[in-house]
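A.B. asks: Take this sequence and fold it.
(one chain, ligands or ions: 1)
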Amino acid sequence: MIIDQVGVVGGGLMGTGIARVCALAGADVVICEADAARAESARARTESSLRRAVAAGKIADADCAGALSRLRFTASLEDLADRELVVEAIVEDERAKADLFAALDKVVSAPTAVLASNTSSISITKIAAATTRPERVVGLHFFNPVPALRLVELIPTLHTAAETADRIERFAAEDLGKLVIRSQDRAGFVVNALLTPYLLSAVRMLEAGFASAEDIDRGMVEGCAHPIGPLSLADFVGLDILLAASTSMYEEFRDPGFAPPPLLLRMVESGFLGEKTGRGFFSYS
Ligand code: NAD
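C.D. replies: Presented below is the predicted three-dimensional model:
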């Protein structure tokens, strides 16, 4: 393998998906959570997602057993000391990520070790500035659900060494079997910068009474062969996440297409965050 000692910080939705994909590819993976209880819950969720994949016939029993034997869960950052690559997937908060990268910079000691962030919207350049090794920091942006979606965006900054970016690209493509596209360090990178104005347009269309939520979604599914309509997709992504992403892109580009519409703000303030809270533009039981 290009890299076979991987660390993942944050064992939530994305971190456990990234860890699962790395372990199935044959890497030894340590997942670090904020405390022991969360580490245990990340372990339980990763195990059950691997077992569900076996039950669904997506992976073989032996591959599941192999992956489980290569996964370790911890609440101690020091357990990442010998990692060649650490992928950060904690909360989308600039201060929290900067603090974590400063701590990882002290702990992760291999001379060629790379620190990567899975952030959707925070500047990789700002995160890298918290370290003494910005030449070995990149953005590595996976998509949800990580085991199902092939795409990964690789984001080198102006500081990133060419060999660092090339090595991480080869790891993602050759070891993990992902399809890698490169983006400059701009809010939203490629995919979210294109997707967000589309989702916000659907919200504005609903807000203006232009069409019903059902018909907006039907229009794009049946008329454009999209697998999911924009309002259902917004509910799946999470309306709080959509709001945070659009706010950061609006701050960066000052383009009104990225400005969050009042309906989105009111829904987030009301706690209607989409599928995860049972109510967004549609209801989920
Ligand atoms: P999540 O809330 O499911 O998981 C975050 C996890 O990080 C939690 O389990 C939390 O306990 C843990 N955590 C917080 N601070 C920590 C710390 N200091 N040390 C160790 N663990 C810590 O969030 P998520 O949806 O998995 O998102 C994680 C990151 O991935 C965010 O930056 C997000 O923007 C990005 N992302 C999310 C998606 C998505 O669809 N959810 C897609 C691509 C990228």
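A.B. asks: So what touches the worst-scoring helix or strand of the chain on mean pLDDT?
C.D. replies: Ranked by mean pLDDT, DSSP states H and E, the weakest helix or strand in the chain is helix 239-253, scoring a mean of 94. For helix 239-253, contacts defined as Cβ atoms under 8 Å, 6 or more residues apart in numbering pick out 92, 120-122, 186-188, 192-193, 196, 199-200, 234, 255, 258-260, 264-265, 267-268, 272-274, 280. Glycine gets a C-beta too; all of them are placed from N, C-alpha and C.
A.B. asks: mind running it again at 7 Å?
C.D. replies: With contact meaning Cβ atoms under 7 Å, 6 or more residues apart in numbering, helix 239-253 is reached by 92, 120-121, 186-188, 192-193, 196, 199-200, 234, 258-260, 264-265, 267-268, 272-274, 280.
A.B. asks: got it, and stretch 186-195?
C.D. replies: Against stretch 186-195 from outside (Cβ under 7 Å, 6+ apart): 120-121, 141, 153, 155, 181, 183, 196, 245, 248-249, 252-253.
A.B. asks: The same query, at a cut-off of 6 Å, please.
C.D. replies: For stretch 186-195, contacts defined as Cβ atoms under 6 Å, 6 or more residues apart in numbering pick out 121, 141, 153, 155, 183, 245, 248-249, 252.
A.B. asks: for it, how far is the first residue from the last?
C.D. replies: Across stretch 186-195, the terminal residues are separated by 14 Å (Cα to Cα, to the nearest Å).
A.B. asks: That stretch - what's its average pLDDT?
C.D. replies: Average pLDDT, stretch 186-195: 96.
A.B. asks: next one: that stretch to chain centre, how far?
C.D. replies: Counting by Cα atoms, centre = their mean, to the nearest Å, stretch 186-195 is centred 13 Å from the centre of its parent chain.
A.B. asks: For R170, see how far away A39 is.
C.D. replies: Per Cβ to Cβ, to the nearest Å, A39 is found 30 Å from R170.
A.B. asks: Which one's more surrounded, the two?
C.D. replies: A39 (19 against 14; other Cβ atoms under 10 Å).
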